[in-house]
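In: Turn this into a structure:
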Amino acid sequence: MAISKDLKSSKERILSAALDEFAELGLSGARVDSIAAKAGINKAMIYYHFDSKEALYDEILKAHLEAGVTDLSKEITESMALEDALRAIARYHARGLRANDKVSRIFLREIAAGGERIQSILPNLAGKEEIRGTIVRLIEEGKQSGEYRNIDTRHAVISFVGMSMFYLIMAPMVNQIWGIEDETEFTEQRIEAIVDLLMHGLKAR
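Out: Numbers count the residues shown, from 1 in each chain. You can find the predicted model right below:
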């Protein structure tokens, strides 16, 4: 039992140290020796838990993607209105990017590099299709009833995600240009603004 706890503890320390290392230096710049030193363990323990530096990096990406999808899946239900589902997505983005700057930096680096590792993980994420399916269904039902215009649903959803993510990623520049002093307050205002924009953009004229 003690050995099992020690192994679990060492793996958790490795993941924590690797998160710091990858956030600071990216996959190519990170060093296994440095991760081991930060974790306070022998380098061999990293290879005991993970086959390689790349496998350790992938584990961090997978763990945080899975956690995010799981959290969002709990908030978006089949019975909720489209407006509420969109608001839940925007709040999830804001919460995720603000809560862990290290994770955000890793994902932004990965996307800037082409996002191949994320692409290899996404197909196997449980709950991902349910979330997308719910949003698509709500829009399609609105189109069929005549409440929404006959727009391309893919573009509508992708545009909303873009609006949701842009300020969160570009906040330092946007705050400077627009003189935004309270980033937290502005983020809350923006969530409501982008939901309002999409909902009015969908409405049949």
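
In: Contact partners for K53?
Out: L27, A30, V32, I35 (Cβ atoms under 8 Å, 6 or more residues apart in numbering). (Each C-beta comes from the backbone N, C-alpha and C, glycine too.)

In: excluding its backbone neighbours, what's nearest T134?
Out: Take T134 and drop its neighbours on the chain: the residue closest to it by Cβ to Cβ, 6 or more residues apart in numbering is I76, 5.6 Å away.

In: Show me how the protein divides into domains.
Out: 1-50, 62-202 (automatic domain parsing).

In: Validate this expectation: S79 resides in a strand.
Out: No. Read with DSSP: H, G, I helix; E, B strand; the rest coil, S79 is coil and lies in no strand.

In: gap between it and L138?
Out: 10 Å (Cβ to Cβ, to the nearest Å).

In: neighbour count winner among those two?
Out: L138 (21 against 6; other Cβ atoms under 10 Å).

In: List the residues that contact that one.
Out: Here L138 is in contact with A81, L82, A85 (Cβ under 8 Å, 6+ apart).

In: now swap in Y92 and tell me
Out: Counting by Cβ under 8 Å, 6+ apart, Y92 touches G68, D71, L72, E75.

In: One more pass at 10 Å, please.
Out: G68, V69, D71, L72, E75, I76, I131, S164 (Cβ atoms under 10 Å, 6 or more residues apart in numbering).

In: Rebuild those as CSV, extending it with distance to A55.
Out: Formatted as CSV, the contacts of Y92 follow (distance: Cβ to Cβ, whole Å):
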residue, distance to A55
G68, 20
V69, 21
D71, 25
L72, 26
E75, 31
I76, 31
I131, 27
S164, 31
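
In: Summarise which helices and strands the one helix or strand A17 maps to is packed against.
Out: The secondary structure element spanning A17 is helix 2-29 (assigned by DSSP states H and E). On a contact count with 3 or more Cβ pairs under 10 Å, 6 or more residues apart in numbering; DSSP states H and E, helix 2-29 meets helix 32-39, helix 43-49, helix 53-75, helix 101-112.

In: Among those helices, which comes closest to T187?
Out: helix 101-112 (13.9 Å; Cβ to Cβ).

In: What's the mean pLDDT across the closest one?
Out: The average of the pLDDT scores along helix 101-112 is 90.

In: Same question for stretch 72-82.
Out: Here the average pLDDT along stretch 72-82 is 92.

In: do stretch 20-39 as well
Out: Rounded mean pLDDT across stretch 20-39 is 95.
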